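**Q** kindly return the folded structure for what I paste below:
(one chain, ligands or ions: 1)
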Amino acid sequence: MLQKEEILAPVAAGPLAVQAAVGARMLSLGGHDDFNQGQISCRRPGSVEFFIKGALTGFDEATPEDFVVGGVDPGSPSDRLAPPEIPLHQAVYEARPDVSCVVHSHSPAALVFGALQADLVPLSHEGALLRNEVHRFTLTSNTILDISVGRAIAGTLGGGLGVFLVNHGSVVVGKSVRHAVIFALMLERACRLQLDALASGRSFATSSELDVAAKREFIFADLSIRAYWEHARRRVLRTFPESRNW
Ligand SMILES: [Zn+2]
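**A** Next comes the predicted model:
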C-alpha cells in the first residue's frame, strides 16, 4: 500500500489553503477529529473549483499541502486524493453561491444531539445563533458517496447554517472559512451544552426572543467572528508550532 507521503498531489499552497489548514487544526482542537474522516473545503474565489482536505489526512495533521482541488461540477475529474464524500461539497457549492466554505465532521456532541428528537434552543450564545438554522437529514446515515444524496442534503440545508446528518455527523457552511469553522465549533459547543442540560433531567432557562435578536446582531457580527478566529488561530499556533511556517 502506498504511504501518504508518496502519493500527495502537488497543490499550490496559497493563502486560502493555509487558512483552510489552520481551520482544520481549529476543528481538531474543538473536538471534531474522527481518525482521518471529515473534511473542510473552501471555494476558490471566482472559480468553479474548491480546495478540499485530502482523504488520508486528519484535521489534526492537515497542512496546506494536504489540500487537493475539486470541481463544483460533479462531472468534473476529481483529484485521486479527493475524499469519497466530495459529492456533499459539490452539491452544497452548487446550491449555495453564497457559501465559500463547507465543514463536515463526525464530532460527538453534534452526532448525539442530531440523533435526539430535540431542537436546538438558545440555552447558550451559540444556541441563539443556531436555533432554526440546523435541520435534520434522515434519508441515509451512510457515507455520502453520490451527488443525488449530496443534493438531498443541500435541500435540507436550504438557506440555513448547517445540517444534522442523523447517525452520521453534521455539516456547517459559511460565507468564509472563518465563518464556517467558527460556526462548526459553535455547533459542537451548543450541542454539548444542551446535552448536558438535558442529562440533568431538570427544566432549564433559555434566552428571550429579545436577547436572541440582540445576540445575533452583536455576538455573531462579522467583526466578532474575526476576533474568535484570531483567538482560535493563536491557539493553533501555540499547539502546533509547525503551523508558524505555513
Ligand atoms: Zn462523513
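**Q** which stretches of this structure form strands?
**A** 39-43, 49-53, 67-71, 101-105, 134-137, 162-165, 169-174 (DSSP state E).
**Q** and those strands as a markdown table, adding mean pLDDT, distance to Asp222 and mean neighbour count?
**A** (Glycine included, C-beta is placed from N, CA and C.) Listed next are the strands of the chain as a markdown table, based on pLDDT from 0 to 100; distance: least, CB to CB, whole Å; neighbours: other CB atoms under 10 Å:
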| stretch | mean pLDDT | distance to Asp222 | mean neighbour count |
| --- | --- | --- | --- |
| strand 39-43 | 98 | 17 | 28 |
| strand 49-53 | 97 | 22 | 25 |
| strand 67-71 | 96 | 24 | 24 |
| strand 101-105 | 98 | 14 | 29 |
| strand 134-137 | 98 | 20 | 20 |
| strand 162-165 | 98 | 18 | 26 |
| strand 169-174 | 98 | 11 | 28 |
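**Q** of those strands, which is nearest Ala21?
**A** Comparing the strands of the chain by their distance to Ala21 (CB to CB), the top pick is strand 67-71, with 6.9 Å.
**Q** elements contacting that closest one?
**A** When contacts are defined as 3 or more CB pairs under 8 Å, 6 or more residues apart in numbering; DSSP states H and E, strand 67-71 sits against helix 15-29, strand 49-53, helix 86-95.
**Q** wait, which of these is closest to Ala154?
**A** Of all the helices and strands packed on strand 67-71, it is helix 86-95 that lies closest to Ala154, at 3.9 Å by CB to CB.
**Q** what's the closest one packed up against?
**A** For helix 86-95, the elements it packs on are strand 39-43, strand 49-53, strand 67-71, strand 101-105, helix 147-157, strand 169-174, judged by 3+ CB pairs under 8 Å, 6+ apart.
**Q** which strand residues bridge the most centrally placed residue in the chain?
**A** Among the residues of the chain, the one closest to the centroid is Val103, at 2.1 Å (CA atoms, centre = their mean). Beta bridges link Val103 to Ile40, Val172, judged by DSSP bridges.
**Q** quick check: which ranges of this structure have low pLDDT?
**A** 1-13 (pLDDT under 70).
**Q** with adjacent residues omitted, what lies nearest to Cys101?
**A** Excluding its sequence neighbours, the residue lying closest to Cys101 (CB to CB, 6 or more residues apart in numbering) is Ala180, at 3.7 Å.
**Q** look up how far Glu126 lies from the one you found.
**A** From Ala180 over to Glu126 the distance is 14 Å, taken as CB to CB, to the nearest Å.
**Q** select the longest helix from this protein.
**A** The longest helix of the chain (DSSP state H) is helix 177-199.
**Q** how big is the angle separating that one from strand 39-43?
**A** Angle, helix 177-199 to strand 39-43, by axes from the mean of the first three to the mean of the last three CA atoms, to 10 degrees: 140 degrees.
**Q** got the contact list for the residue nearest to the centre of the chain?
**A** 23, 27, 32, 38-40, 171-174, 180-181, 183-184 (CB atoms under 8 Å, 6 or more residues apart in numbering).
**Q** kindly reformat those as a markdown table containing distance to Gly75.
**A** Putting the contacts of Val103 into a markdown table (distance: CB to CB, whole Å) gives the following:
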| residue | distance to Gly75 |
| --- | --- |
| Gly23 | 28 |
| Leu27 | 29 |
| His32 | 30 |
| Gly38 | 25 |
| Gln39 | 20 |
| Ile40 | 23 |
| Val171 | 22 |
| Val172 | 26 |
| Val173 | 22 |
| Gly174 | 26 |
| Ala180 | 25 |
| Val181 | 29 |
| Phe183 | 30 |
| Ala184 | 28 |
